[in-house]
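>>> sequence-free structure coming up:
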């Protein structure tokens, strides 16, 4: 086929991760014209375009930006560097040899032979179907992100009387957004005994508007054949099973679901990179390189983040690593996931990103990100080198909704006699 | 203006009514189909197992057995003519207990008597060799190679679009409220006024007895039998290749595990008689039952891969067999079309059309064209064909549904074609946009925009399916 081009680096996704990765790659010696961003939407910026609330960029820019403003900062930098991008370009497959096949209105079907690939496709929302909520299938059941798009991008109201299932950040933000638009949000039900969202969102989006949050509750039936007319909410036991007799009926015309985000890794699987069963993202090493040499990942496709600032940081790391990979020429890379030091998540730590470190390739300071599996109060984050505890930091509260991190120094991982670093939560 | 008089009016645009309409369109006649829903394929035809049954299950000598075997044989040609995805993947009926072997043998014998070809009884190990995911508790299986899987939406759309192409009129949101006989004509009182016709064909699914009772003394009762299903991601679609049934035992009929023709995995159905003919809700207990029973057939039920659940209502007549007859002069009925109704549709179409044509003295027309082309799915094209299609129309290069990679070109085709889509569900059934793992989370706002643009409607008028299922209420502040 004639529609074929070659690029040193192809970045799949022009959201916050893809943009920051592109900028970092260009700033680390990769000629901009050798980079290509493929974005499936009609504009750069990804999901930030519909996140019109503020609170973005506190870490990166020390100011409170809206989502589109935050995206614009990176978009401007990418454009100032003259990094090429294609919009409306949907990637259909990535081969293990890093041949990217994509389709767009302007270019038709085309392939890009890439020296390296950065995966930055983001995530999707868990749907009603995945929860298997019984009842009818009427109009009026939306994932929170879909409702956010309808309100913020299309300018239409998806409902007037609203119940929200799940206290993920988008659900919380939408509780406030719908309220400000004149809708009545009756309740937010959360299956877990704790919220899945950031504390600040609970305060600013629910508490400030008097919207009740019912922990350990779930929707057990959806009523209404054509349009939602109500939902039944039940309390759940400690095995998360609904408790008979606790059913409460809420009359409403809309049910919003904010019940989890799933990294979108169908392309990753197609390329042959193994995924983590915990994060649903690819397993990566210290360079954020997947199991396929030269394919890197960052942002929500790697693991779901709560702050975009961390996405940008992580993406910059992937961009630097990809630039280094390309500049190193086509040297025979070892399997990215073999050898090295294993990072183990233990005692309440659900996973770590990365999960393998080759000390020779790591930066002077490596950020290891992770999430905990429950609520921990006045506990310690500990790091062990082999059997020896080397970090022990007290945290007042840790929750599954907030990403945590530890820093590892390259200097500490030279000439070592252990092959495992453990990250764990300890009571004392 | 003189009122139009039809030769035949078919009530119901499900797979049965659409098949009858298509077969009637072979004749010189004015034909009309009345459908109370907003689209074809909105009742039982849209929510079933999508199986083309072999024909070993139905009682020998029954209309069910006859139509099933005939419909199965006709399906290859029908699918070819109407551009309908269909695959003969074969089926197993599993036996879990040596003591139940006589029942399996009986099924085999019945199948042979019914005319089902190439049936074979396999040992548990032979069955597991062909389907490694089968449970270790399977002791034997009946193998039916002629069983298949079909897209029930496309089959119904294929019949309907082909009927339309050959001159049949369709009226939607046109429920029949009463029927009377005047001077050798039937007058149908509908939501859209009175309609005159020489003949009526009742293919009203779960409402067929209500239609019958508008004209004639009560003669049969349709009981909706609800079946709940779980549909799994395409990642789980190759768990089994064949359709896996369970041998009916005293514990019940069991449930099936099958790939769909589009590569998903389908589990179900339950079987529960209910009162309400519109009650397509799923239940906690029903879905739990499906997963539990599926676990008997296969080792690892991919319950984490479920992307949606749904239920459908089979129209079960109290006579226990299909009702295919002329109940009054020129008043024909295709009622009680429960399983194997989808399989039988091609045969029922011919059977009923011939019955009506004979009574009305209709003659065949030469202009009949049996071929229908469905929406071109880019996924099914080669790289070159796909590139060519995008060169012809760049809308085919713009992907709207990420999960199923459906382009704007396909969606526009689905809306603009005859009997085109008017709703989100209509687009979904014609293109699969919204049928994937995100269940329309990403694409529904975009499909709504395209529908509004193509139909020249405000966004507030765009519906999920029937009246009252509008998706957005109005502008934001």
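In hand now; what should we look at? The model shown is predicted, which means the values in this text are computed figures rather than measured ones.
>>> Share the number of residues neighbouring residue 186, please.
Just so you know, I chose chain A. 18 (other C-beta atoms under 10 Å in any protein chain shown). Backbone N, C-alpha and C define where each C-beta goes, glycine included.
>>> Let me rephrase: I mean chain B.
For residue B:186, using other C-beta under 10 Å, the count is 22.
>>> doesn't residue B:199 make contact with it?
Yes - contact criterion C-beta atoms under 8 Å: residue B:186 and residue B:199 qualify, at 7.3 Å.
>>> what do the two both touch?
Counting by C-beta atoms under 8 Å, 6 or more residues apart in numbering or on different chains, the common neighbours of residue B:186 and residue B:199 are B:9, B:330, B:331.
>>> per-domain residue ranges of the chain.
The chain I'm using is chain A. Domain ranges of chain A: A:1-125+A:261-336, A:127-259, A:339-428, per automatic domain parsing.
>>> right idea, wrong chain: chain B
B:5-45+B:153-221+B:319-360, B:91-145+B:223-315, B:378-461.
>>> Could you dump those domains into a markdown table with distance to residue A:25 added?
As requested, the domains of chain B are exported to a markdown table (distance: least, C-beta to C-beta, whole Å):
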| stretch | distance to residue A:25 |
| --- | --- |
| domain B:5-45+B:153-221+B:319-360 | 45 |
| domain B:91-145+B:223-315 | 32 |
| domain B:378-461 | 25 |
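>>> Looking at those, spot the one closest to residue A:199.
Minimum separation from residue A:199 across the domains of chain B (C-beta to C-beta) falls at domain B:378-461, 26.3 Å.
>>> anything in that closest one near chain A?
Yes - Domain B:378-461 comes into contact with chain A (C-beta under 8 Å from any C-beta of the partner chain), by way of B:383-384, B:386-387, B:390-391, B:394-395, B:397-399, B:402, B:405, B:407, B:437-442, B:444-445, B:448-449, B:459-460.
>>> Residue of the stretch 301-428 of chain A nearest chain B, please.
At 13.1 Å from chain B, residue A:301 is the closest residue in the stretch 301-428 of chain A, using C-beta to the nearest C-beta.
>>> Model confidence score at that residue, please.
Residue A:301 is assigned a predicted lDDT (pLDDT) of 98.
>>> Can you report how many residues lie near it?
27.
>>> any idea how far residue A:101 is from it?
Separation of residue A:301 from residue A:101 (C-beta to C-beta, to the nearest Å): 18 Å.
>>> All the helices of the stretch 1-150 of chain A, in order from the start?
Counting by DSSP state H, counting those that start in this stretch, one finds helices in the stretch 1-150 of chain A at the ranges A:16-27, A:67-80, A:128-131, A:144-149.
>>> Mind listing residues that contact the second one?
In this case it means helix A:67-80. Residues external to helix A:67-80 that are found in contact with it (C-beta under 8 Å, 6+ apart): A:15-16, A:19-20, A:22-23, A:26, A:37, A:44-53, A:56-57, A:60-61, A:65, A:85, A:308, A:312.
>>> In strands, which of the residues you listed fall?
Among the contacts of helix A:67-80, the residues falling in strands (DSSP state E) are A:37, A:56, A:65, A:85.
>>> between these, which is closest to residue A:191?
residue A:56 (27.6 Å).
>>> Need the three-state assignment for residue A:277.
coil (DSSP: H, G, I helix; E, B strand; the rest coil).
>>> tally of neighbours for it?
For residue A:277, using other C-beta under 10 Å, the count is 8.
>>> which residues of chain A score low on pLDDT?
Applying pLDDT under 70 to chain A flags residues A:1-2, A:329-333.
>>> which one in it is furthest away from the centre?
Within chain A, the residue lying farthest from the chain centre (C-alpha atoms, centre = their mean) is residue A:245, at 37.1 Å.
>>> got the contact list for it?
With contacts defined as C-beta under 8 Å, 6+ apart, residue A:245 has no neighbours.
>>> what separates it from residue A:220, distance-wise?
With the distance defined as C-beta to C-beta, residue A:245 ends up 12 Å from residue A:220.
>>> Surely the residue of the stretch 301-428 of chain A closest to chain B touches residue A:119?
Yes - contact criterion C-beta under 8 Å: residue A:301 and residue A:119 qualify, at 5.2 Å.
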